[in-house]
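Visitor: Fold the following.
(chains A and B)
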Amino acid sequence: MSQQPLTLPAADTRAGAPRRRRLLEIAGAAAIAATNVFLVLNQPADIANGPASFSALVALGGFLLGAVLLLAAVLPVLPTSTLVLMPVAIVLNVVLGQLMGSTGLPFYLDAIGTVLIAVLAGPAAGAATGVLGSIVWSFFNPTVLPFAAGAALIGFLAGLAARAGLFRRFYFAPVAGFLTGVLAGVVSAPIAAFVFGGTAGLGTGAIVSAFRAMGDTLLAAITKQALISDPMDKAIVFTIAALLAYALPRRTTFQFAFVRRFRVLAGKVPADPAA
Amino acid sequence: MSLHPLTALTAACCAAVVTTAAASWQLSVAVALAAALLAARAGVAARVLAAAGVILAPLFLSLLVLHGLFFLEGHTVLAQWGPARVTAEGLGFALELGTRTAACVLLLLLFSFTVSVPDLVTALAARRIPPQLSFVLASTLILVPAMAGRLEKIRQAQEARGLVVGRGPLSRLAAARLQAVPLVLGLVEDAGLRAQALDARGFGLPGPRTSYRQLQDPPAQRIFRAAALLLAAAAVVLRLMTAWPTAVPS
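Guide: Numbering: from 1, shown residues only, chains lettered A, B, ... in the order given. Modelled structure (predicted):
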């Protein structure tokens, strides 16, 4: 059985490297936030003035730059035990999304793996999984690539919620998911509005049309639609991820240094068999 | 002559950027047709078009309903039913965004369905991209087909133990749980074993990596990549310069 070290692994020991990583993280988050603010402030003038390609370029450039900076900051310091989980989480995003889709629930549920890895391995791993998952998935569906920043945000917030202990009780997980969904909806709405000009689903498209008919701008209509569907979706995703984490044996979950250190899941830490 | 993976990636991305920046539906249609023709020449036309169709059909319908009927900024009204108005501007907007997305999706699918993943990983490793990125990329793409087989085995095993999927949502949910938990547990266990094996081989250590594979990178392709990047950058700058005064009210 694999035996993980109890301490967090030492990060890069070269002088200045942690500081550079911290700067990269801040720059990435700033790029995403600045792009969002810029797009929200400038959107009324744009759609009436013909081609939306200006906003599309700004949105694509800003969000992808932020996602790549975050990835460059986080990826080199992740321990191998977390890294090998990331392909698993990305595949689970797809497979569990399809499995849940077969139950007939009208939600995307495409972030279960990301939230699960954030619960087990922390916010940095969650954010990196979100970005990498978008990159890998874009091999089959290129339209998910622009949403990489939103996926990173979901993983990061899920990790923060786990660290704060919101996954110790099953009834806190949907609350954390709801709040994450609000933020994720706000970040992903400009992408849907300016890069694709609408949403990919017919159901969501109908909701957007209803808001447009009431006189909203395109961005406002899509943001309202995202604020209706995303929090519900993420509340369900967080609940499923929490139930999966509870269903895993403690021998498995307590291998993860993050779970042991922040007591992410309820229950006593089992005695270390190696001690 | 074989195309270096980075050359193909650069060509696809730069063409997508230029198409987005140009914002002309005629160019978008031309690019989409060119991508489809190239896919046919590479022998992947059926797969590319099927994948693109699944992605684009709902988007097209959604755009048509949304902008075709409810485009408040439009002036040229073609037809009107109650609150819904068909405007020429709305249809133009839907056409422009739909063709643009179609062109970009076809270009990137053409790349991903023709690229050899081992070659791409080798090319990335040679560019001082963190090896972790290549590992996750290659590992996921290998894991996807393996996962389908694994899920099938789990389903058969649970059916042998009496799993019957009923009609009701609760029964379906219970069935999903009975399949999801063994799947996740098995994968997490496997990942732990793989981490040990990788660590024993020095995966986590810093330093340069060597590769068994050697890729040819002819000078002509390097020049092509530099030229394509310059062209894309010029297109973006040009679009930002021309759109800035109207887009930013000051």
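
Visitor: Enumerate the helices of the chain by residue range, in sequence order.
Guide: Unless you meant another one, I'm taking chain A. Assignment of helices within chain A using DSSP state H yields the ranges A:17-48, A:53-74, A:80-83, A:85-101, A:112-121, A:123-137, A:148-163, A:173-191, A:202-213, A:218-247, A:250-253, A:257-262.

Visitor: other chain: chain B
Guide: Under DSSP H, chain B gives helices at B:5-22, B:25-42, B:45-69, B:88-114, B:117-126, B:131-160, B:169-200, B:219-247.

Visitor: To residue B:9, which of the helices of chain A lies closest?
Guide: Smallest distance to residue B:9 across these (CB to CB): 11.8 Å, for helix A:123-137. Placement of C-beta: from N, CA and C, glycine included.

Visitor: what is the mean pLDDT for the closest one?
Guide: Mean per-residue pLDDT for helix A:123-137: 91.

Visitor: does any bit of it sit next to chain B?
Guide: Yes. For helix A:123-137, a contact with chain B is found by CB under 8 Å from any CB of the partner chain, at A:132, A:135-136.

Visitor: and which of the residues you listed is nearest to residue B:84?
Guide: residue A:135 (39.1 Å).

Visitor: circling back: can you tell me which of the helices of chain A is most buried?
Guide: Highest mean neighbour count among these (mean count of other CB atoms under 10 Å in any protein chain shown): helix A:112-121, with a mean of 30.

Visitor: Export that one to CSV, keeping only CA atoms.
Guide: The C-alpha trace of helix A:112-121 is given here as CSV (Å, rounded to 0.1, in the frame of the first residue of the first chain):
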residue,chain,number,x,y,z
ILE,A,112,-17.2,16.2,-9.9
GLY,A,113,-13.7,15.1,-10.3
THR,A,114,-12.2,18.6,-9.9
VAL,A,115,-14.1,19.1,-6.6
LEU,A,116,-13.2,15.6,-5.4
ILE,A,117,-9.5,16.2,-5.9
ALA,A,118,-9.8,19.6,-4.3
VAL,A,119,-11.3,17.9,-1.2
LEU,A,120,-8.6,15.3,-1.1
ALA,A,121,-5.5,17.4,-2.1
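
Visitor: quick one: terminal-to-terminal distance for stretch B:153-171?
Guide: Start-to-end span of stretch B:153-171 (CA to CA, to the nearest Å) is 20 Å.

Visitor: Buried by neighbour count: which residues of it qualify?
Guide: Neighbour counts over stretch B:153-171 (16 or more other CB atoms under 10 Å in any protein chain shown) mark B:154-155, B:158, B:163, B:165 as buried.

Visitor: can you give me how far it is from the chain middle?
Guide: Distance, stretch centre to chain centre, for stretch B:153-171: 33 Å (CA atoms, centre = their mean, to the nearest Å).

Visitor: before we move on, what about stretch B:116-125?
Guide: Centre-to-centre, stretch B:116-125 and its host chain are 17 Å apart (CA atoms, centre = their mean).

Visitor: Wondering if that stretch reaches chain A at all.
Guide: No. On the criterion CB under 8 Å from any CB, stretch B:116-125 is out of touch with chain A, staying 8.9 Å away.

Visitor: among the helices of chain B, which is nearest residue A:258?
Guide: Evaluated over the helices of chain B, closeness to residue A:258 peaks at helix B:169-200, with 13.8 Å, by CB to CB.

Visitor: Now the closest one: average pLDDT?
Guide: Per-residue scores along helix B:169-200 average to 86.

Visitor: what's the angle from that helix to helix A:112-121?
Guide: Relative orientation of helix B:169-200 and helix A:112-121, computed by axes from the mean of the first three to the mean of the last three CA atoms, to 10 degrees: 60 degrees.

Visitor: what about helix B:169-200, near chain A?
Guide: Yes. For helix B:169-200 and chain A, the contact criterion (CB under 8 Å from any CB) is met by B:169, B:172-173, B:176-177, B:179-181, B:183-185, B:187-196, B:198-199.

Visitor: mind giving me the domain split of chain B?
Guide: As assigned by automatic domain parsing, chain B contains the domains B:5-115+B:218-247, B:130-200.

Visitor: picking up where we left off before, what's the most buried one of the helices of chain B?
Guide: Per-stretch averages of neighbours, counted by mean count of other CB under 10 Å, single out helix B:88-114 among the helices of chain B, with a mean of 23.

Visitor: right, is the helix or strand of chain B with the lowest mean pLDDT up against chain A?
Guide: For chain B, the helix or strand with the lowest mean confidence is strand B:77-81, at a mean of 78 (criterion: mean pLDDT, DSSP states H and E). No. Using CB under 8 Å from any CB, strand B:77-81 stays clear of chain A, with a minimum separation of 11.4 Å.

Visitor: what's in contact with that strand?
Guide: Applying CB atoms under 8 Å, 6 or more residues apart in numbering or on different chains, the external contacts of strand B:77-81 come out as B:85-88, B:91.

Visitor: Now narrow those residues to whatever sits close to chain A.
Guide: The subset of these lying close to chain A, counting by CB under 8 Å from any CB, is empty.

Visitor: need the residues of helix A:123-137 next to chain B in JSON lines with distance to residue A:92, can you?
Guide: JSON lines is the format used below for the residues of helix A:123-137 next to chain B (distance: CB to CB, whole Å):
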{"residue": "A:132", "distance to residue A:92": "13"}
{"residue": "A:135", "distance to residue A:92": "16"}
{"residue": "A:136", "distance to residue A:92": "12"}
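
Visitor: do you know how far residue A:57 is from residue A:192?
Guide: Separation of residue A:57 from residue A:192 (CB to CB, to the nearest Å) stands at 16 Å.
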